[in-house]
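Peer 1: Predicted model and sequence below, questions to follow.
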2 protein chains.
Amino acid sequence: MRPVCPPTAMKSEIACNQCPLRALPAFASVTPEQRDFIQGMKVRERSVPAQAPVLRQGDKRSELYTLLTGWAFRYQTLADGRRQILNFLLPGDFIGLQGNLLDVERTGVEALTDVTLCVFPGDALWPLFRAHPELGFDVTWLCAHEKLLVDDNLVSVGRRSALERVAMLLIHLFKRVRALGLADGDSVPFPLTQHHVADALGLSLVHTNRTLRRLHAMKMLHLERGRLTLGALASLQSLADYEARELEDRPLI
Amino acid sequence: MRPVCPPTAMKSEIACNQCPLRALPAFASVTPEQRDFIQGMKVRERSVPAQAPVLRQGDKRSELYTLLTGWAFRYQTLADGRRQILNFLLPGDFIGLQGNLLDVERTGVEALTDVTLCVFPGDALWPLFRAHPELGFDVTWLCAHEKLLVDDNLVSVGRRSALERVAMLLIHLFKRVRALGLADGDSVPFPLTQHHVADALGLSLVHTNRTLRRLHAMKMLHLERGRLTLGALASLQSLADYEARELEDRPLI
DNA sequence: CGAGCTTTTGACGCAGGTCAAGAGCTGTGG
DNA sequence: CCACAGCTCTTGACCTGCGTCAAAAGCTCG
C-alpha cells in the first residue's frame, strides 16, 4: 500500500478561484459571490492514494466531493466478486450525490491515481440550492452529464463487439482528458490497467488483452508506461461505430 | 398504426393535485403554493399512442414532460440498427431533462403503451429552480434516481448471466409497478414484448425467449396476455443474485 | 532476490448469437 | 367470413465470440 500522504504534503489548499471546476461549461460563469459561497462551504481538502476507496458501497449520507486532481472510477460489485465499472471520474467531476440524495451509496468510488478532493459537508446541498439556485442548477447539470456517460457505456456493453467497445472507451477517455488540457499532442496519461478496462466493458481480462493487442497490431493505438497514444483517431472512431464483422474482410495489419 | 387519439378523448386534463407525481418520495411534501406554481407552468397534456416516439434522438431543447399514465422507455440506436434500451419509464418519471440541459437529446423515448404526458415548456426549468429551489432539488433527485436505474442495468448487462439478467429485470419492474399501486396480488401488467426485454438486457431475441421459457419451466414466473405473475419472488431474487452455474446442478423442473 | 502485480499467449469449452422455419394471434380488406 | 400480411413467440441446428484455465514472462517494490 502506498503512503497516505503524497510527497508534496506541505502544499497549501487550492482556493476556489483556482479550482479546475471553473473550466467546465457548467461552471464557466460562476460569479465572485457564488465562488465565495462555495468557498465558505468547503470544509477541507482530502487526499486519497491510488487504489484506495473514496466512497464505499453502503456508505450513508456521506460527504460531497469535487475531484480536484487525479483519476477515479465509480463501480459496483456483486456478492461473488464480479465488478462492473460504471464510469471514470476526472478533475471537475462531482462525487457523492447519489448517496446523499437517496438513502445509501449504491456504488463505490475508488482512486485510480493519487487524488485530491474538495470536501463539502453532506448537508450542504440543500442550503446551496436555496441560497444559489444557479449552483443547484449546475449540480443538476453535472448529474445529467454523468448519466450520459453511463448511458453511453451501457450501449457499448449491451450492443457492441469487444473491438468496438475498447475503441469507444479509449476514444472517449482520450477526448475527455484532452478537453481538460492534459493531452500532450496525440498522447494522454492513462493510468488504467487492463483489468479496469475489462471491468468497465463487461469483458474478461484475457479477451481485453487480446483485443488491445489486436488494435495495437492494427496500429490504432500505443499503450505503454501509463500513456495512451492515438495516432489515427478518425479511423479508430470509424472502427468504433461500425460492425466489427465488416472489418474481418480486410487484412488486420 | 393505431389512432392518435385514444378512445377516451373527451376526458378533462388532470389537475396537479391529482398528479401521480404526488405519490413519489421526492414529491410527497409539495406545498399547495408549489403545486400552483407547477400548474401555472403546465402548458397542456399530450397523448402518445403505443409504439410512437415521445422524444427522438437528435431533438434539440425539447419540451419537458412528466409521465402521467402508461409505460415508455429510453433507448439509443446505433447506425446499423442495434438498439439498447437504457431504462423503462413509469408514471411519475421525468422526461427530457438531458436534451434540455445538454445541447441535444442523445436518447430517444418511445411509448410502450398509450401514454399521457404533462407538458412543460423547455425554458421552464431555470425559472423553476429560481422560484422554488425545493422543486429544483426534486428534479435533481429524479435525475439521480434515474441514473441509479441505468447503473443497475449496466451492472446486469456487463456482469450477469442471461438467467440472472432476466430475473433481475422482471423483479425490478414488478417491484416498481407494485410500488405505484398497480399490482393485482402477485401479478402486474406487463406490456413489454420479448424484443424489449432482449434490447434492455443486451441479449438476442432467441436467447431471451429460451431464458424466459426456462424460468417458466422452473415455475418462477407466468407471462401471458400482457400480465406478469411472480409466484415465488424470493426464490427468483436469490436466482438473480447468484451465479447461474450453481443452479445447473439441480434438476430444472 | 522473491512476492505480487500486470501483461501475454495457447488450448479448449460454452453461453449466447445467427439462421431458418413454423405456429399462434390480430387486424384489415376483399 | 375467410385470406392474408405482419407481428410475436417457439424451437431446432449450428456456429463463434468470448470466457476459463494454465502458465510464463516482464515490472516494481521492499
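Peer 2: Noted; the coordinates are in hand. Note that the structure is predicted; figures quoted are calculated from it, not measured. Numbers count the residues shown, from 1 in each chain, chains lettered A, B, ... in the order given.
Peer 1: can we go C-alpha only for contacts and neighbour counts from here?
Peer 2: Will do.
Peer 1: What residues of the particular helix or strand that has A:H196 in it count as buried?
Peer 2: Secondary structure assignment for A:H196, by DSSP states H and E: helix A:194-201. Of the residues in helix A:194-201, those with enough neighbours to count as buried (16 or more other CA atoms under 10 Å in any protein chain shown) are A:Q194, A:H196, A:V197, A:A198, A:D199, A:A200, A:L201.
Peer 1: Please see if the next helix or strand after it touches chain B.
Peer 2: Taking DSSP H and E as the definition, the helix or strand that follows helix A:194-201 towards the C-terminus is helix A:205-217. No: Helix A:205-217 is not in contact with chain B by CA under 8 Å from any CA of the partner chain; minimum separation 12.8 Å.
Peer 1: Tell me where the stretch 101-250 of chain A has helices.
Peer 2: A:125-131, A:133-159, A:162-179, A:194-201, A:205-217, A:233-241, A:244-248 (DSSP state H, counting those that start in this stretch).
Peer 1: Quick one: closest of those to B:R82.
Peer 2: helix A:133-159 (6.6 Å; CA to CA).
Peer 1: Would you mark the buried spots in the closest one?
Peer 2: Neighbour-count burial for helix A:133-159, counted by 16+ other CA under 10 Å, picks out A:133-148, A:150-159.
Peer 1: Same check on stretch A:122-134?
Peer 2: Neighbour counts using 16+ other CA under 10 Å place A:G122, A:L125, A:W126, A:L128, A:F129, A:R130, A:H132, A:P133, A:E134 of stretch A:122-134 among the buried residues.
Peer 1: Thought A:F73 was touching A:Q51, still the case?
Peer 2: No: with contact defined as CA atoms under 8 Å, A:Q51 does not reach A:F73; the gap is 10.3 Å.
Peer 1: and the stretch 101-250 of chain A, which residues reach DNA strand D?
Peer 2: Taking CA under 7 Å from any atom of the strand as the criterion, the neighbours of DNA strand D within the stretch 101-250 of chain A are A:R160, A:S161, A:A162, A:L163, A:G202, A:L203, A:S204, A:L205, A:V206, A:H207, A:T208, A:R245.
Peer 1: What are the neighbouring residues in contact with A:H196?
Peer 2: A:I85 (CA atoms under 8 Å, 6 or more residues apart in numbering or on different chains).
Peer 1: ok, it to A:L163 distance?
Peer 2: Using CA to CA, to the nearest Å, we find A:H196 at a distance of 16 Å from A:L163.
Peer 1: now do A:Q98
Peer 2: Distance check for A:Q98 against A:L163: by CA to CA, it reads 32 Å.
Peer 1: For these two, indicate the residue with more neighbours.
Peer 2: Between A:Q98 and A:L163, counted using other CA atoms under 10 Å in any protein chain shown, the more crowded position is A:Q98 (24 against 19).
Peer 1: How far does the host helix or strand of that one sit from its chain's centre?
Peer 2: Assigned by DSSP H and E, A:Q98 falls within helix A:97-101. The gap between the average C-alpha position of helix A:97-101 and the chain average comes to 17 Å, counting by CA atoms, centre = their mean, to the nearest Å.
Peer 1: residue ranges with poor pLDDT in the stretch 151-253 of chain A?
Peer 2: Scanning the stretch 151-253 of chain A for pLDDT under 70 picks out the ranges A:242-253.
Peer 1: Would you enumerate the residues in contact with the closest residue to A:F129 other than its chain neighbours?
Peer 2: Distance criterion CA to CA, 6 or more residues apart in numbering or on different chains; nearest residue to A:F129, sequence neighbours excluded, is A:G136 at 4.6 Å. With contacts defined as CA under 8 Å, 6+ apart, A:G136 is in contact with A:L125, A:L128, A:F129, B:F129, B:P133, B:G136, B:F137.
Peer 1: Nearest spatial neighbour of the last one, chain-adjacent residues omitted?
Peer 2: Counting by CA to CA, 6+ apart, A:F129 is the residue found nearest to B:F137 once chain neighbours are left out, at 6.8 Å.
Peer 1: Please tell me the pLDDT value assigned to that neighbour.
Peer 2: A:F129 is assigned 90 on the pLDDT scale.
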